[in-house]
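> Fold the following.
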Amino acid sequence: MSTVLIIAPLVVTNWPLIAAAITASISTLGYAIATDSAHTINECCEEIRDRKIREEITLENSEILADAQNRGETMTVEKGNIKATFHRDVRGSLRLTIDAVGLSKAEIRKIGDELIGRVTQQYAYNRLVTEMKERGMEIVEETVEEDDTVKIRVRNNI
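As a prediction, this is how the structure comes out:
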């Protein structure tokens, strides 16, 4: 007997778990975590700075739970002339702000949607695998399709 599940995640978690999903997913897209010593887009020459565009995207159906020691959480990643910052907004939703040079708003929006999609997929994957292990299931086979669809075959050992 087999079952096909299509996961549409509701992201309700705390910052450390979403930060882990961000970290795990960004490298596959060629991004790196920004450091304080890295140059920022604002340090570019004046004519390029004039073309800097900002886009903000909020992940629907997300709630990053607050806890006492994690207030104002952010994580910034960079790739070339793109700087993307994931943060928890005042309502607790996951928000992504992208600053980029030399790209149109549509191109930036596409990049943002790809980043949010990859983070959401990584979060759902981690959550699903954790739940399956807790319920005594074993991953038998796992494949990633060309369109980044993840297929997992599991066996129920109970």
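> Sticking with the closest residue to residue 103 other than its chain neighbours, tell me its helix or strand.
In this structure, residue 103 finds its nearest non-sequential neighbour in residue 53, 6.4 Å apart by Cβ to Cβ, 6 or more residues apart in numbering. All C-beta spots, glycine's among them, are computed from the backbone N, C-alpha and C. Assigned by DSSP states H and E, residue 53 belongs to strand 52-58.
> which helices and strands sit right next to that strand?
Packing partners of strand 52-58 (3 or more Cβ pairs under 8 Å, 6 or more residues apart in numbering; DSSP states H and E): strand 94-101, helix 105-134.
> most packed of these?
The highest mean neighbour count among these, using mean count of other Cβ atoms under 10 Å, belongs to strand 94-101: a mean of 20.
> Endpoints of stretch 137-155, how far apart?
Stretch 137-155 has its terminal residues 6 Å apart, counting by Cα to Cα, to the nearest Å.
> tell me which residues of that stretch are tucked away?
137, 152, 154 (16 or more other Cβ atoms under 10 Å).
> The first one and residue 130 touch, don't they?
No: counting by Cβ atoms under 8 Å, residue 137 stays clear of residue 130, with 10.8 Å between them.
> Just checking, which helix or strand of this protein averages the lowest pLDDT?
Scoring the helices and strands of the chain by mean pLDDT, DSSP states H and E places helix 46-49 at the bottom, with a mean of 46.
> follow-up on the earlier one: burial measure for the residue nearest to residue 103, as a count.
Number of residues near residue 53 (other Cβ atoms under 10 Å) recorded here: 15.
> how near is it to residue 150?
Counting by Cβ to Cβ, to the nearest Å, the gap from residue 53 to residue 150 is 32 Å.
> any idea how far residue 113 lies from residue 58?
12 Å.
> Kindly report the same for residue 107.
Going from residue 107 to residue 58 by Cβ to Cβ gives 19 Å.
> The residue nearest to the spatial centre of the chain and residue 144: what is the separation?
The centroid of the chain falls nearest to residue 119 when counting by Cα atoms, centre = their mean (2.4 Å). Distance from residue 119 to residue 144, counting by Cβ to Cβ: 16 Å.
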